[in-house]
Each structure stands twice: as C-alpha cells, then as structure tokens.
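1. below is the sequence, then the predicted model.
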Amino acid sequence: MASLILTPEWAEEIYQLETSDPVMGGPDGIDNRQAIQLGKRTEYLKQDVEKRAPIASPTFTGTPKAPTAKTGTATEQLATTQFVSNAISALVGSAPETLDTLAEIAQAMGEDESLKETLLAEIGKKATNEAFSTLKNLLIGIPFPYPLSAVPDGCLAFNGQTFSTTTYPELAKKYPSGRLPDLRGEFIRGWDNGRGVDSSRELLRSQGAELSAHTHYVTVTRYANSSGEFGAKISTFSAINNSGWLLSGADGLLLAANKSGEIVSEKNSVANLISNTGGNETRPRNVAFQYICLAK
C-alpha cells in the first residue's frame with residue numbers, strides 16, 4: 001500500500017465530496033483530494049511550530065523583542081536591553097563624579113598603552129597597606145592638642161588613667177605600665193637627653209614648679225644723726241657674709257650682703273617695700289587644648 005506524497009503547503013480550501021462524485025483512488029483520485037489538502041496543511045503547520053521556541057527554557061535566535069518594564073520594576077518580568085540601559089543610566093547619574101573619572105581613566109588606559117604604563121608606575125609609588133600600617137603604629141601614643149572635649153573613636157585622652165594592654169597592644173609598647181600620663185593642666189618639656197639643662201630627668205617623669213634663683217634690692221634713704229620719734233642712728237660696719245638683705249627689729253635694721261657700709265636704724269619699717277604678687281603657679285601665656293593620642 002502506497003502513502004500519499006505530501007508537501008508543506010497551506011491549502012486555502014478543503015474540497016467537499018459530493019454525492020455525484022465518482023469513486024476514484026490514486027494520487028490524483030478525487031477520493032484522496034481532501035486527505036492531500038489536510039496533509040499539506042499539517043506539514044505546513046508542523047514546520048512553523050518547529051521554528052518556534054519551546055515554552056520551557058527557550059533558546060532565542062535573531063533579534064527577539066519584549067515589552068519594556070517600568071523603571072524600578074522588581075518582579076519576574078523579563079528585563080529588556082532598554083530596561084537595563086535605563087537602570088544603568090539612573091545609577092550612573094546618582095554616582096559621584098569620581099566614578100566617571102575612573103571610567104575615563106579606564107577608557108584612556110585601554111586606548112593608550114604608554115598612559116597605562118605611566119599610571120601604573122605612579123600608582124606603584126604610593127604607600128602600600130603595610131607601609132600605611134607602619135606609619136599609623138608609629139603615630140600611636142603621641143600626644144597632640146585637640147580642640148574638642150569629646151575624645152574621638154580610636155583615641156584616648158591623657159588623663160592619667162589605665163588602659164587595657166590587650167585592647168591597645170601598640171599603645172602598650174609605648175606605655176608598658178598600661179597607664180597614660182596625666183597631661184591635664186601640664187606643659188610638655190623636651191627630654192634633656194644628656195644636654196645638661198634639665199639633667200637627671202627620666203622620660204615621662206613629672207616635674208614640679210620652680211622659680212629660678214634671683215635677688216631683690218631695697219633702697220633706704222640715709223639719715224644724719226638725729227633724735228625724735230623718726231630719728232635715725234648711723235654707724236659703720238664691715239662686710240657681712242650673707243645671701244641678701246637682712247631685716248630685723250621693729251626699727252628695721254638693714255644689712256647689705258658682702259658689702260662694707262653703714263647700718264641705718266629707723267623708726268619706720270621698710271618691710272612694705274617688698275611685697276608678693278601673682279597667683280599660685282608660674283606659667284607663660286597659653287591657650288587650653290585637650291591632649292589626646294591615637295590609641296589603635
């Protein structure tokens with residue numbers, strides 16, 4: 001038994017068998033006309049279906065298109081190239097100008113080999129993370145004046161307090177005792193280190209206030225021998241070895257140090273000629289800052 005020869009072709013009409021049609025078989029027989037027309041349609045549709053992608057995991061060819069979702073859509077809807085382009089444009093528009101600069105550098109490096117080498121050479125001159133870490137550790141523990149009362153994170157104030165050597169290991173290398181000096185209300189002085197200006201001082205040792213040795217002089221008017229309530233008696237004396245003026249007695253007896261001269265005994269006291277002044281410490285003019293240090 002032979003099979004019908006079918007070609008993929010869309011038949012516009014399907015022949016209707018009539019009661020007056022003779023019975024005739026074969027490839028061109030009227031009895032096979034409907035079967036041939038329907039078979040051609042089937043072959044045509046089969047080829048068209050085979051050209052289309054399956055619903056599950058389709059593979060597209062050519063230039064497929066799909067509706068573009070609204071900006072900001074976050075669903076399982078397909079993202080077209082237009083949607084992605086809009087999203088990137090919005091992202092770049094909100095990014096800092098630094099990123100634009102980096103993009104320009106990247107483009108220039110790709111187009112200019114010598115520029116790439118130059119930039120890489122310059123980048124190589126910059127400090128590495130290891131070098132930066134070494135510099136940071138060097139700065140830990142160094143006091144510096146800070147203009148605010150609140151101590152920033154990662155720093156400690158010099159208030160004479162103890163600190164955790166476990167939490168601040170690098171700081172502990174500078175202050176092994178685990179205690180920071182109290183620099184509140186203090187001036188920092190350079191270590192003598194053998195110069196002899198401030199000898200016998202150890203590092204981090206405090207020093208109390210002190211005045212430099214000096215001399216005060218008092219001038220007393222000389223009177224001739226006289227009598228009366230405010231009279232004075234004058235007599236000579238030899239040099240007396242003492243470190244300054246001596247004031248004794250209600251009459252105000254004055255002796256000049258290491259000088260030969262006269263003793264003037266007066267009724268009036270001269271104690272009020274030398275009086276104290278100032279506050280409770282010796283200090284230069286200054287501005288108050290808080291001493292803090294980088295701790296870790």
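-> Nice, I can see it.

2. in the stretch 51-200 of the chain, which spans are helices?
-> 81-94, 97-111, 113-124, 129-139, 169-174 (DSSP state H, counting those that start in this stretch).

3. compare the ones you listed and say which comes out lowest on pLDDT.
-> The stretch with the lowest mean pLDDT among these is helix 97-111, at a mean of 64.

4. end-to-end on stretch 278-290?
-> Here the two ends of stretch 278-290 are set 25 Å apart, with distance taken as C-alpha to C-alpha, to the nearest Å.

5. buried residues in it?
-> residue 290 (16 or more other C-beta atoms under 10 Å). The way it works is simple: take the backbone N, C-alpha and C, and place the C-beta from them, glycine included.

6. ok, stretch 28-38 next?
-> 33, 36-37.

7. same check, this time on stretch 64-73
-> Of the residues in stretch 64-73, 68-69 count as buried by neighbour count, 16+ other C-beta under 10 Å.

8. circling back: need the buried residues of stretch 28-38 in JSON lines (columns: pLDDT and secondary structure).
-> Conversion of the buried residues of stretch 28-38 to JSON lines gives the following (pLDDT from 0 to 100; DSSP: H, G, I helix; E, B strand; the rest coil):
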{"residue": "33", "pLDDT": "84", "secondary structure": "helix"}
{"residue": "36", "pLDDT": "84", "secondary structure": "helix"}
{"residue": "37", "pLDDT": "86", "secondary structure": "helix"}
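
9. which of the residues you listed sits closest to residue 7?
-> Nearest to residue 7, judged by C-beta to C-beta, of the buried residues of stretch 28-38 is residue 36 at 9.4 Å.

10. what sits up against stretch 206-213?
-> By C-beta atoms under 8 Å, 6 or more residues apart in numbering, the surrounding residues in contact with stretch 206-213 are 181, 186, 189, 198, 201, 281-282.

11. neighbour-wise, give me the winner out of these.
-> Per-residue neighbour counts (other C-beta atoms under 10 Å) across those peak at residue 181, which has 16 neighbours.

12. that residue contacts residue 160, correct?
-> Yes: in terms of C-beta atoms under 8 Å, residue 181 counts as a neighbour of residue 160; the distance is 6.5 Å.

13. circling back: CSV for the contacts of stretch 206-213, including pLDDT and distance to residue 25?
-> Shown next, in CSV, are these (pLDDT from 0 to 100; distance: C-beta to C-beta, whole Å):
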residue, pLDDT, distance to residue 25
181, 97, 119
186, 95, 124
189, 94, 126
198, 92, 132
201, 89, 129
281, 82, 133
282, 83, 136
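
14. tell me the one of those nearest residue 85?
-> When those are compared for distance to residue 85, the smallest value, 62.5 Å, is given by residue 181; criterion: C-beta to C-beta.

15. give me every residue that touches that closest one.
-> 158, 160, 204, 206.

16. from the residues you listed, which ones fall inside strands?
-> Of the positions in the contacts of residue 181, not one sits in strands, assigned by DSSP state E.

17. helix, strand, or coil at residue 292?
-> Taken by DSSP: H, G, I helix; E, B strand; the rest coil, the conformation at residue 292 corresponds to strand.

18. can you give me the domain boundaries for the chain?
-> Under the assignment named as automatic domain parsing, the residue ranges that make up the domains of the chain are 1-52, 232-270.

19. worst average pLDDT in these?
-> Ranked on mean pLDDT, the bottom entry among these is domain 232-270, at a mean of 46.

20. does residue 127 really touch residue 136, like I thought?
-> No: proximity of residue 127 to residue 136 does not meet the contact threshold set by C-beta under 8 Å, at 10.6 Å.

21. skip the chain neighbours and tell me the closest residue to residue 149.
-> Leaving out its chain neighbours, the residue that sits closest to residue 149 by C-beta to C-beta, 6 or more residues apart in numbering is residue 290, at 6.4 Å.
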